[in-house]
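> Could you look at this predicted model? Sequence included:
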Amino acid sequence: MTATVRFKLSLMMFLEFFIWGAWFVTLGTYLGSNLHTSGVQVGVAFLTQSVGAIVAPFIIGLIADRFFSAQKILGVLHLAGAALLWYAAGATSFDGFYPIILLYMILYMPTLALVNSISFRQLQNPQKEFASIRVLGTLGWIVAGLTIGWLHWENKNSAGLTSLDLTLKMAAGASALLGAFSFLLPPTPPVQQAGPVAVGDLLGLQAIGLLKNRSYLIFFLASVAICVPLSFYYGFTNVFLNEVGMKSAAGVQTLGQVSEVLFMLLIPVFFSRLGVKKMLAIGMLAWVVRYVFFAFGNDGSAYWMLIAGIVLHGICYDFFFVTGQIYTDNLAGEQSKSAAQGFITLATYGVGMLIGSLLSGRIVDAHQTAGALHDWHAIWLIPAGIAAAVLAVFVLLFKDDNAPVPAETISYAEANARLEV
């Protein structure tokens with residue numbers, strides 16, 4: 001791989017996740033402060049990610065894989081996305097904002113698969129080369145959060161409004177840049193496939209046979225269930241941190257992405273020593289501990305609990321989701337590895353996050369107090385309880401029938417290829 005190609009792929013990854021991190025983290029705060037939404041409406045806004053995840057396989061399977069070059073589709077989707085984000089920044093009500101952001105997420109979510117596809121098609125040795133490229137995506141997310149904190153866009157003015165509409169415009173600018181730049185990326189033509197593609201193939205439903213394995217079925221159900229408390233984190237952490245008085249909350253939240261990179265490096269070591277069941281259980285336990293820390297943390301003597309809860313994101317995500325993706329890959333047959341990954345992603349980011357987004361909004365609304373504030377102690381104990389229940393059922397029923405995978409067979413590149421910020 002030439003230096004020019006490496007630079008192009010790295011910049012692509014940086015912009016791809018800068019765009020997402022530039023507005024998604026602070027969305028709940030923006031909606032509550034500027035558009036005066038309810039918790040249910042915030043949850044509905046975040047479930048647009050789930051809708052996009054459900055629709056994405058159709059876009060990739062029907063269009064990108066069969067008819068057009070991936071880099072051209074990436075360019076068109078991001079140029080259209082830039083216009084939608086800029087338009088969304090000017091919305092004055094949730095009714096005007098929601099359909100725009102829904103359409104945007106339907107266009108954005110497929111690009112997550114496209115950037116990986118473009119990268120892998122250019123690499124001769126993905127296990128050695130991909131990590132140094134994909135990590136630029138995490139860096140892009142971190143830079144977006146630090147920028148928001150540095151510019152103090154989360155601070156409220158005398159009218160109680162923030163400047164977070166500027167995050168949408170910043171993301172729109174980056175999306176336009178990536179859209180134009182995509183046409184300069186290395187050509188990635190579609191792979192020629194014979195015959196029609198069945199709907200089940202697009203959704204990865206041929207991998208449903210994995211559910212015949214009792215342990216995998218338990219893991220699958222746990223994956224869906226654990227995404228319910230995950231929705232609380234994505235939808236309301238920034239709102240919570242700003243309400244309790246944390247300065248530059250979006251910037252501080254980037255510590256979660258820093259920990260993701262750190263624990264990603266450690267996955268091969270832990271995987272070989274602990275095996276699948278213990279890794280998954282530790283990941284779920286981290287969710288319980290995180291929400292307990294949030295429930296009892298504050299901006300005073302217990303400030304360390306807030307920081308610890310954020311830093312635990314690396315264990316929460318890597319130990320459960322990345323380990324689960326590796327576990328799925330190990331069980332799937334050679335002909336259904338991609339389908340299996342698509343199936344578990346559809347179930348978690350699609351079904352699980354959709355349920356969680358609807359539930360979390362209602363719970364937050366039910367615990368609203370005077371002055372548009374919330375009883376966060378009571379709120380965070382609910383996802384902690386859900387995560388604890390999922391953990392208990394998982395530990396009792398799941399049996400790790402597979403021996404721990406040797407560390408040398410799980411490279412940082414392989415794990416990082418599954419990393420989603």
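That came in fine, so what should we check first?

> drop to CA atoms for contacts and neighbour counts, all remaining ones
OK.

> Need the per-residue pLDDT for the residue nearest to L331 when sequence neighbours are not counted.
The shortest distance from L331 to any non-neighbouring residue, by C-alpha to C-alpha, 6 or more residues apart in numbering, is to L210 (7.5 Å). L210 carries a pLDDT value of 77.

> all strands of this protein, in order?
Using DSSP state E, no strands are found in the chain.

> any weak-confidence spans in it?
57-66, 125-131, 191-207, 329, 332-342, 401-421 (pLDDT under 70).

> What residue spans form the domains of it?
As assigned by automatic domain parsing, the chain contains the domains 7-186, 207-421.

> Could I get those domains in CSV, plus columns for distance to M1?
Listed next are the domains of the chain as CSV, based on distance: least, C-alpha to C-alpha, whole Å:
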stretch, distance to M1
domain 7-186, 7
domain 207-421, 16
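
> Tabulate those domains (a markdown table), appending mean neighbour count.
Shown next, in a markdown table, are the domains of the chain (neighbours: other C-alpha atoms under 10 Å):
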| stretch | mean neighbour count |
| --- | --- |
| domain 7-186 | 20 |
| domain 207-421 | 20 |
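
> ok, now which ones touch the residue nearest to W153 when sequence neighbours are not counted?
Excluding the flanking residues, the one nearest W153 by C-alpha to C-alpha, 6+ apart is S163, at 4.7 Å. By C-alpha atoms under 8 Å, 6 or more residues apart in numbering, the residues touching S163 are 153-156.

> Likewise for Q124?
Applying C-alpha under 8 Å, 6+ apart, the residues near Q124 are M1.

> what are the ranges of the helices in the stretch 51-200 of the chain?
70-89, 94-122, 126-150, 165-182, 199-203 (DSSP state H, counting those that start in this stretch).

> Between those helices, which one is closest to H367.
Judged by C-alpha to C-alpha, the one of the helices of the stretch 51-200 of the chain that comes nearest to H367 is helix 94-122, at 21.1 Å.

> list the helices and strands that closest one packs on?
Applying 3 or more C-alpha pairs under 8 Å, 6 or more residues apart in numbering; DSSP states H and E, one finds that helix 94-122 contacts helix 3-23, helix 39-46, helix 48-59, helix 70-89, helix 126-150.

> Send over the second one as PDB, restricted to the C-alpha atoms.
What that stands for is helix 39-46. The C-alpha atoms that make up helix 39-46 are tabulated as PDB, following Å, rounded to 0.1, in the frame of the first residue of the first chain:
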ATOM      1  CA  GLY A  39     -37.500  12.300  27.200                       C
ATOM      2  CA  VAL A  40     -39.600  10.200  24.900                       C
ATOM      3  CA  GLN A  41     -38.800  12.500  22.000                       C
ATOM      4  CA  VAL A  42     -35.100  12.200  22.700                       C
ATOM      5  CA  GLY A  43     -35.400   8.500  22.700                       C
ATOM      6  CA  VAL A  44     -37.300   8.500  19.400                       C
ATOM      7  CA  ALA A  45     -34.500  10.700  17.900                       C
ATOM      8  CA  PHE A  46     -31.900   8.200  19.000                       C
END
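
> List of residues touching that helix?
28, 31-32, 94, 98, 101-102, 234-235, 357-365.

> rerun at 6 Å
28, 357-358, 361-362, 364-365 (C-alpha atoms under 6 Å, 6 or more residues apart in numbering).

> mind putting those residues in TSV, distance to L184 included?
Shown next, in TSV, are those (distance: C-alpha to C-alpha, whole Å):
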residue	distance to L184
G28	35
S357	37
L358	40
G361	42
R362	45
V364	45
D365	47
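
> Mind checking which of these are in helices?
28, 357-358, 361-362, 364-365 (DSSP state H).

> any idea how far G149 is from the residue nearest to W153?
Remark: distance between S163 and G149 (C-alpha to C-alpha, to the nearest Å) = 11 Å.

> same question, M109
25 Å.
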